[in-house]
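*Asks:* Sequence first, predicted model second:
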Amino acid sequence: VCCLEMTTKRKIIGRLVPCRCFRGEEEIVSVLDYSHCGLQQVPKEVFSFERTLEELYLDANQIEELPKQLFNCQALRKLSIPDNDLSSLPTTIASLVNLRELDISKNGIQDFPENIKCCKCLTIIEASVNPVSK
């Protein structure tokens, strides 16, 4: 059973995304952790929080590609996707203008898109155990 951990105004741990109508207010989810869940793709629930999501952990799954919709998460500061099956980073990564940390270690990434330099806040890239050629 995969445990989904979400950090909100109060910490909630559950298997599904909670109802966002507690006391009539929208729940603000800033951290999602889907590590070690046996996923083959990024869960669609992630996109429900594209305005507030700041950290996304997808460690140790079998994800082969990152969907375009992920790059609408403008508030994303940390994207952690080590130990997956990624072969490339899409050029849409340039949309993540607030991204500070990117962990893509233990994948099959050979090079970085030229426009990753548009991620002006990016200060940490962990890319070990990849066949990076340039």
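*Replies:* Yes, it's here.

*Asks:* rest of the way, CA atoms for contacts and neighbours
*Replies:* OK.

*Asks:* Now Glu54. Nearest residue, chain neighbours left out?
*Replies:* Spatial nearest neighbour of Glu54, excluding adjacent residues (C-alpha to C-alpha, 6 or more residues apart in numbering): Leu76 at 4.0 Å.

*Asks:* ok, that neighbour - contacts?
*Replies:* Applying C-alpha atoms under 8 Å, 6 or more residues apart in numbering to Leu76 gives the contacts Thr52, Leu53, Glu54, Glu55, Leu56, Leu96, Asn98, Leu99.

*Asks:* Point out the ones among the residues you listed that are inside strands.
*Replies:* Of the contacts of Leu76, the ones assigned to strands by DSSP state E are Glu55, Leu56.

*Asks:* Among the contacts of Leu76, find me the one that's closest to Gln40.
*Replies:* For Gln40, the nearest member of these is Leu56. The distance, counting by C-alpha to C-alpha, is 15.5 Å.

*Asks:* Angles on the backbone of the closest residue to Glu114 other than its chain neighbours, please.
*Replies:* Distances taken as C-alpha to C-alpha, 6+ apart put Thr91 closest to Glu114, at 7.8 Å, once the chain neighbours are dropped. Backbone torsions of Thr91, given as degrees, to the nearest 10, read phi -70, psi -20.

*Asks:* How many residues are close by Lys134?
*Replies:* 6 (other C-alpha atoms under 10 Å).

*Asks:* From Glu114, how far out is it?
*Replies:* 11 Å (C-alpha to C-alpha, to the nearest Å).

*Asks:* same question, Glu64
*Replies:* Distance from Glu64 to Glu114, by C-alpha to C-alpha: 20 Å.

*Asks:* Which one of the two is surrounded by more residues?
*Replies:* Neighbour tally, Glu64 and Glu114, criterion other C-alpha under 10 Å: the higher count belongs to Glu64, 17 against 9.

*Asks:* what's next to stretch 44-52, contact-wise?
*Replies:* Residues outside stretch 44-52 that contact it (C-alpha under 8 Å, 6+ apart): Val17, Ile28, Val29, Ser30, Leu32, Gln69, Leu70, Asn72, Cys73, Gln74, Ala75, Leu76.
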